[in-house]
Structure formats: structure tokens, C-alpha cells
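**Student:** model the following, please.
(2 chains)
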Amino acid sequence: DTAVSQTPKYLVTQMGNDKSIKCEQNLGHDTMYWYKQDSKKFLKIMFSYNNKELIINETVPNRFSPKSPDKAHLNLHINSLELGDSAVYFCASSQAGGGYNEQFFGPGTRLTVL
Amino acid sequence: AQSVTQLGSHVSVSEGALVLLRCNYSSSVPPYLFWYVQYPNQGLQLLLKYTSAATLVKGINGFEAEFKKSETSFHLTKPSAHMSDAAEYFCAVRLNRGNNDMRFGAGTRLTVKP
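**Tutor:** You can find the predicted model right below:
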């Protein structure tokens, strides 16, 4: 019973293409996130949604656009892919409210831009 | 502002030896602190968290961490390393804010030698 799932697990594409990564959580959480992990394992938050509303939008190129059709899903669409977009992208979710609520992570999507 | 610093990007221990992974935080208000583990090609998994209930926190897989306000530290320890502990470990800090923003350290790779 997967708590946070992402598809696809691997994504290889050419520069300039547009691609999407899907995320779903079945934990009933109110908040979902997208993180980018670079080749040095540094983890950087990109977006946070709470009940389908954008809460955090860090300094991310506007080629990246999150979409939350409902509170169980948060998809990431990337336009005009660049070499520097190659990374592992993680979706996560947590219960809203107190800061003591941990985040639950998906397995990651490894994006390779050629 | 909140941030977290992990001292040592790479720690190597022998099997059966003490594991000590260091984490220092800076926060203007009492923080919530977390340790996550990431095994190769997987997402992050929560090891333990500090939520101001007890300063010594026990987690999964025999790990524990002690919150020391005077030292602004939350170091992770395990008395006896096992080969299966080899992974990347992340310390994270979060304030009790409505946007549930969590900041991660740069990570420490733990290697366990036979």
C-alpha cells in the first residue's frame, strides 16, 4: 500500500521537450511538496500546496508549473527542458497544522535531460 | 530565518563502531527537528523527530538523537553500526508556521566498513 507514489520513476528526454511528473498520496494529508535533489544530494524545496492552494513557491524558473487537481495529487509540469534540470525530483506530503508533522516522501523521479 | 548545518559530508565507521552524525541548527524560535535516511535510489524515510516533548529521542533501527538547546545541536547516534546503515542522512528543521516549510541540511553519507 504505497503512501506517496510518483510516476514515472525514470524519465529520459531531449532538451527543449515538455514533460510531466505525477504524484499521488493516499494518506489523507492536506499539504504536498515538490523537491529537487541535485547530483550532490542537496535537497531543495520547489513548491508547497495546501488543499490545492500554492503556499511556497521558491525561486524556481517559471518553466516549472505545479498543478493540484485535488488535495491527493500534485503534478509537476516542466516546459522547455534544459540540461540543468537533470536531477531527482521528490514529491512529499504531510498533515497541515503544527510544524511537528513529518513529511512522507515518494520514491523519486530521476530526470535525465540529454 | 532557520537553517541547519551538517558537519561532515562523509562519515566512515567500522561495523560495530559508534555512529555519530552531527547537526547544528539556527532558529530564532524553538524548532522542530528531524532526521531522515535515504537509501540508494530511494526516497527519504523518517528516522526520528524532536517535538519538544523529550530531549532524547529514540527512532527506528536503533538510532537516537539528543536535542541540546545550549549547543543548538541535534546529533544522531547509534551505538553499533551495521552494514545496512550505509546511506545518506539528512537533518531538517521546521518552525511552527502555517506554510509547513522544512529546511534540509546538505546530508551526510555514512559508509560502514566490514
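**Student:** show me the shaky parts of chain A.
**Tutor:** Scanning chain A for pLDDT under 70 picks out the ranges A:1, A:98.
**Student:** can you give me the strands in it?
**Tutor:** With strands called from DSSP state E, chain A shows them at A:4-7, A:10-13, A:19-25, A:31-37, A:43-50, A:53-57, A:64-70, A:73-78, A:87-94, A:104-105, A:109-113.
**Student:** just checking, what packs against the shortest one?
**Tutor:** Using 3 or more CB pairs under 8 Å, 6 or more residues apart in numbering or on different chains; DSSP states H and E as the contact criterion, the neighbours of strand A:104-105 among helices and strands are strand A:87-94, strand B:44-50. All C-beta spots, glycine's among them, are computed from the backbone N, C-alpha and C.
**Student:** what helices and strands are in contact with the last one?
**Tutor:** Spelled out, it's strand B:44-50. strand A:104-105, strand B:32-38, strand B:56-58, strand B:64-68, strand B:73-78.
**Student:** ok, and what's touching that strand?
**Tutor:** The contact list for strand B:44-50, computed with CB atoms under 8 Å, 6 or more residues apart in numbering or on different chains, reads A:43, A:90, A:92, A:100, A:102-105, B:32-39, B:57-61, B:63-65, B:67, B:74, B:76, B:89-90.
**Student:** just the buried ones from the residues you listed?
**Tutor:** The neighbour count (16 or more other CB atoms under 10 Å in any protein chain shown) marks A:43, A:90, A:92, A:100, A:102-105, B:32-38, B:57, B:59, B:63-65, B:67, B:74, B:76, B:89-90 as buried among the contacts of strand B:44-50.
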